[in-house]
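A.B. asks: below is the structure, and that's it, no one-letter string:
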């Protein structure tokens, strides 16, 4: 199993930052949201490597609810193997 973290940079409406954060936090262990520049709606979500598909699904679900979320970057911050 690989350990590590994905960093997902998003631009969202400022008014929705708390709503998105609450949804991420409600899914215990899925990840957490960091507000980078609230006035411009810039946030970063961190999620374990093994849960990236679940996090992307959550983001798509938010979009389906009408939350505008634009992913600008997804990258691996750290990756370790248990070998």
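C.D. replies: Structure received. Model, not experiment: these values are computed from the prediction.
A.B. asks: grab the longest helix from this protein for me.
C.D. replies: helix 52-64 (DSSP state H).
A.B. asks: quick one: low-confidence parts of the chain?
C.D. replies: For the chain, applying pLDDT under 70 flags the ranges 1-2, 78-83.
A.B. asks: helix, strand or coil for residue 4?
C.D. replies: strand (DSSP: H, G, I helix; E, B strand; the rest coil).
A.B. asks: for residue 8, give me its contacts.
C.D. replies: Residues counted as contacts of residue 8 (C-beta atoms under 8 Å, 6 or more residues apart in numbering) are 44-47, 55, 59, 71, 73-74. For glycine as for every other residue, the C-beta is placed from the backbone atoms N, C-alpha and C.
A.B. asks: hang on, the earlier thing: show me what counts as buried in the longest helix of the chain.
C.D. replies: 52, 55-56, 58-59, 62 (16 or more other C-beta atoms under 10 Å).
A.B. asks: pick the one among those closest to residue 25.
C.D. replies: Taking C-beta to C-beta as the measure, residue 25 lies nearest residue 58 of these, at 11.2 Å.
A.B. asks: got the contact list for the closest one?
C.D. replies: Taking C-beta under 8 Å, 6+ apart, one finds 23-24, 27, 30 in contact with residue 58.
A.B. asks: run the last query once more with 6 Å
C.D. replies: Counting by C-beta atoms under 6 Å, 6 or more residues apart in numbering, residue 58 touches no other residue.
A.B. asks: for it, give its distance to residue 22.
C.D. replies: Plainly put, residue 58 is 12 Å away from residue 22 if you go by C-beta to C-beta, to the nearest Å.
A.B. asks: host element of residue 45?
C.D. replies: strand 42-48 (DSSP states H and E).
A.B. asks: okay, the angle between that strand and helix 52-64?
C.D. replies: 140 degrees (axes from the mean of the first three to the mean of the last three C-alpha atoms, to 10 degrees).
A.B. asks: pull out the buried residues from strand 42-48.
C.D. replies: 42-43, 45-48.
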